[in-house]
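Novice: Here's my sequence, what's the structure:
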Amino acid sequence: MSLHLTLLIVYSAALIAVGIWIARRVRGSADFFVAGRSLNVPLLFSTVLAANIGAGTTIGAASVAYRDGISAWWWNGSAAIGSVVLATFVGPRIWRIAARHNLYTAGDYLELRYDRHVRGIIAVLIWFGTLAIFAGQLIGGAAILAVVGHIPREIGIAASAVVVTAYFVAGGLLSSAWVNTVELAVKLIGFTVAAFVVLVPLGGLSALTSGNVPSTFGDPLYSAGPRSGWTFLLLLGPAFIVSPGLLQKAYGAASERVVRVGIGAQAVVQAVFGVVPALLGMAAAVTHPGIGDINQVLPTVMIEQLPASISALALAAVYSAEVSTCDAILFMLSTSLSKDLYKRFLHPDATDAQLLRVARGAALAGGIGGVLLAFKLQTVVGALQIFYTLLGVSLFVPIVGGLYVRRATTGAALASIAAGITTAIAVQFTPHAPAWWLDPSLTGIAAAAVVFAAALLIRTK
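Specialist: As a prediction, the model looks like this:
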């Protein structure tokens, strides 16, 4: 067994052990769902940043940089910009409402602001969307295991799912917040060391834009069209403002100030971190042209261009990225099914203990569903596009409109959801010339906003 695979196995076992140990403090659903609203700035910072640095922001961004160059920074940059909006405008306001009304999920807020129909529809959409992003993270984890241990793709997907499901089912947000702290330290150290060791022998940053690479490789504002360069802001930015998983992590904060500082600080760190996977992807384009599977661009750099001891740390960092985002996704899946569907529609009189059991069962079911979907999907980027588009077009307008428009109604919310999803599907599957403004996410959100506003105008007449 290789050093790399041995380290990943030991590291995975350690994450599970930490999660189970922390889970001893879980006494009820409040601890599982919102960590008892006890997260301080360091814990909120680490759990949000760990959730935001996943397969997309590492393996996905590196694969885009392999093709487009430094403009792949916009993948992480879009997440950072969305997080600034969350920390400044959306998070503090929704935290106050959540604390006042004892809300646990995004669905709780949607029912409080609109009605149970909006809550139910969004809960179902979240399940479909989050299964896709969970599958994307598992594909990333499998790509790492394939490179370091020649493990078949299906086994790598299943193994990655077992690790994250084990510690999350044990302790929910409380376990995740502490495990994420460990994962975040490994990520930041591993990627920083890897970037330094890879770039120095190549001759520094100038070497990444010379040789047989496109002339646009060094242009941060370059975009090849939809979902390339700065157009990632249209796809990713809204999702990082209204993601149910991030909103529920904000619910777990001890105060409104913790939301502002914790999420705002992680936005700054993610913006800086975003340069690293882009540089590593560019280095791969210079040293390893012709990589067939774009999921393996980043793992290949780690294995081929780093000494064994350093590459083991770097690969552990990449694996941490996939696992830490997986637990945030399981968080959305389990809370959405247990609180928004089971307790609200199927068993309103469920006890706290029953709700906790269903939440854990839902996380386990989500893990299995994500594995099955990952077997079908091919790339990290493709899987994540499904999630970000669905989340943006369905949730952005109802949540932001509900927070800032007093006259927002249930009818307007439902109409905006229908318009956003219908428009996104139509743009996605109708043949058209590539254009950034015809991106399904952008046009879906625009349609949702227009219909939302029109419904309010009609109501006032």
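
Novice: chain center to the helix or strand containing residue 182, what's the gap?
Specialist: Following DSSP states H and E, one finds residue 182 within helix 153-202. Helix 153-202 sits 13 Å away from the centroid of its parent chain (C-alpha atoms, centre = their mean, to the nearest Å).

Novice: Walking through the stretch 301-450 of the chain, point out its helices one by one.
Specialist: All helices of the stretch 301-450 of the chain, identified by DSSP state H, counting those that start in this stretch, fall at 308-335, 352-376, 380-404, 410-429, 440-460.

Novice: immediately after the helix holding residue 182, which helix or strand?
Specialist: On the C-terminal side of helix 153-202, the nearest following helix or strand under DSSP H and E is helix 232-242.

Novice: picking that back up, could you check the angle the helix holding residue 182 makes with helix 308-335?
Specialist: Here helix 153-202 runs at 130 degrees with respect to helix 308-335, directions being taken by axes from the mean of the first three to the mean of the last three C-alpha atoms, to 10 degrees.

Novice: Use 468 as the first number from now on
Specialist: Noted, 468 is the first residue going forward, which turns the last one into helix 620-669.

Novice: Could you name the helices and strands sitting against the helix or strand where residue 739 lies?
Specialist: Taking DSSP H and E as the criterion, the element that holds residue 739 is helix 723-740. The criterion is 3 or more C-beta pairs under 8 Å, 6 or more residues apart in numbering; DSSP states H and E, and the helices and strands that helix 723-740 contacts are helix 508-519, helix 540-552, helix 558-568, helix 620-669, helix 711-718. From N, CA and C alone the C-beta is placed, and that goes for glycine too.

Novice: Ok, which of the ones you listed comes nearest residue 679?
Specialist: Distances from residue 679 to each of these were compared using C-beta to C-beta; the minimum, 13.8 Å, belongs to helix 620-669.

Novice: wait, what's in contact with residue 537?
Specialist: Neighbour list for residue 537: 675, 684, 685, 686, 687, 742, 745, 746, 749 [criterion: C-beta atoms under 8 Å, 6 or more residues apart in numbering].

Novice: I'd like to know which of those residues are buried.
Specialist: Applying 16 or more other C-beta atoms under 10 Å to the contacts of residue 537, the neighbour count classes 675, 684, 685, 742, 745, 746, 749 as buried.

Novice: Give me the phi and psi for residue 569.
Specialist: phi 60, psi 50 (degrees, to the nearest 10).

Novice: I misspoke; the intended subject was residue 506.
Specialist: Per-residue torsions, residue 506: phi -70, psi 130 (degrees, to the nearest 10).

Novice: Could you find the closest non-adjacent residue to it?
Specialist: Leaving out its chain neighbours, the residue that sits closest to residue 506 by C-beta to C-beta, 6 or more residues apart in numbering is residue 719, at 4.6 Å.

Novice: any idea how far the one you found is from residue 665?
Specialist: In this view, residue 719 and residue 665 are 37 Å apart by C-beta to C-beta, to the nearest Å.

Novice: that older thread, for burial, what's the neighbour tally of the residue nearest to residue 506?
Specialist: A count of neighbours around residue 719, defined by other C-beta atoms under 10 Å, yields 28.

Novice: got the contact list for it?
Specialist: Taking C-beta under 8 Å, 6+ apart as the criterion, residue 719 is in contact with 501, 502, 503, 504, 505, 506, 511, 640, 644.

Novice: between those, which is closest to residue 474?
Specialist: Ranked by distance to residue 474 (C-beta to C-beta), the contacts of residue 719 are led by residue 644 at 24.1 Å.

Novice: For the closest one, list the residues it contacts.
Specialist: Counting by C-beta under 8 Å, 6+ apart, the residues that residue 644 touches are 502, 506, 510, 511, 513, 514, 719.

Novice: For PyMOL, write the selection for the buried entries among those.
Specialist: The PyMOL command for the buried members of those (criterion: 16+ other C-beta under 10 Å) is given here:
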select buried, resi 502+506+510+511+513+514+719
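
Novice: With pLDDT and distance to residue 815 added, can I get the contacts of residue 644 in TSV?
Specialist: Conversion of the contacts of residue 644 to TSV gives the following (pLDDT from 0 to 100; distance: C-beta to C-beta, whole Å):
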residue	pLDDT	distance to residue 815
502	71	25
506	90	29
510	88	32
511	93	31
513	89	35
514	84	30
719	91	24
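
Novice: With distance to residue 893 as new columns, can the contacts of residue 644 be given to me in TSV?
Specialist: Below are the contacts of residue 644 laid out as TSV (distance: C-beta to C-beta, whole Å):
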residue	distance to residue 893
502	41
506	41
510	42
511	39
513	40
514	37
719	38
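
Novice: Between the contacts of residue 644, which sits nearest residue 853?
Specialist: When these are ranked by distance to residue 853 (C-beta to C-beta), residue 514 comes first, at 24.1 Å.

Novice: circling back: which one of the buried ones among the contacts of residue 537 is nearest to residue 603?
Specialist: Using C-beta to C-beta as the measure, the one of the buried ones among the contacts of residue 537 that approaches residue 603 most closely is residue 745, at 18.7 Å.

Novice: mind checking the SS state of the closest one?
Specialist: helix (DSSP: H, G, I helix; E, B strand; the rest coil).

Novice: list the contacts for it?
Specialist: Under the criterion of C-beta under 8 Å, 6+ apart, the neighbours of residue 745 are 528, 529, 531, 532, 536, 537, 538, 539, 540, 543.

Novice: Any chance of these in a markdown table with pLDDT and distance to residue 680 as columns?
Specialist: Shown next, in a markdown table, are these (pLDDT from 0 to 100; distance: C-beta to C-beta, whole Å):
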| residue | pLDDT | distance to residue 680 |
| --- | --- | --- |
| 528 | 93 | 17 |
| 529 | 94 | 15 |
| 531 | 94 | 14 |
| 532 | 95 | 11 |
| 536 | 96 | 7 |
| 537 | 97 | 11 |
| 538 | 97 | 13 |
| 539 | 97 | 13 |
| 540 | 97 | 16 |
| 543 | 95 | 21 |
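
Novice: Spatially, which two of those residues are the most separated?
Specialist: With distance counted by C-beta to C-beta, no two of those lie farther apart than 536 and 543, which are 14.5 Å apart.

Novice: so where's the stretch 468-617 of the chain shaky on pLDDT?
Specialist: Residues of the stretch 468-617 of the chain that meet the criterion pLDDT under 70 lie in 468-471, 486, 489-494.

Novice: Tell me which stretches of it form helices.
Specialist: Under the criterion DSSP H, counting those that start in this stretch, helices of the stretch 468-617 of the chain are mapped to 470-489, 496-501, 508-519, 528-535, 540-552, 558-568, 573-580, 583-616.

Novice: residues touching the residue nearest the centre of the chain, list them.
Specialist: With distances taken as C-alpha atoms, centre = their mean, the chain has residue 519 as the residue nearest its mean C-alpha position (5.1 Å). Contact analysis of residue 519 by C-beta under 8 Å, 6+ apart lists 546, 550, 707, 713, 733, 737, 792.

Novice: Could you do residue 672 as well?
Specialist: The neighbourhood of residue 672, defined by C-beta under 8 Å, 6+ apart, consists of 666, 746.
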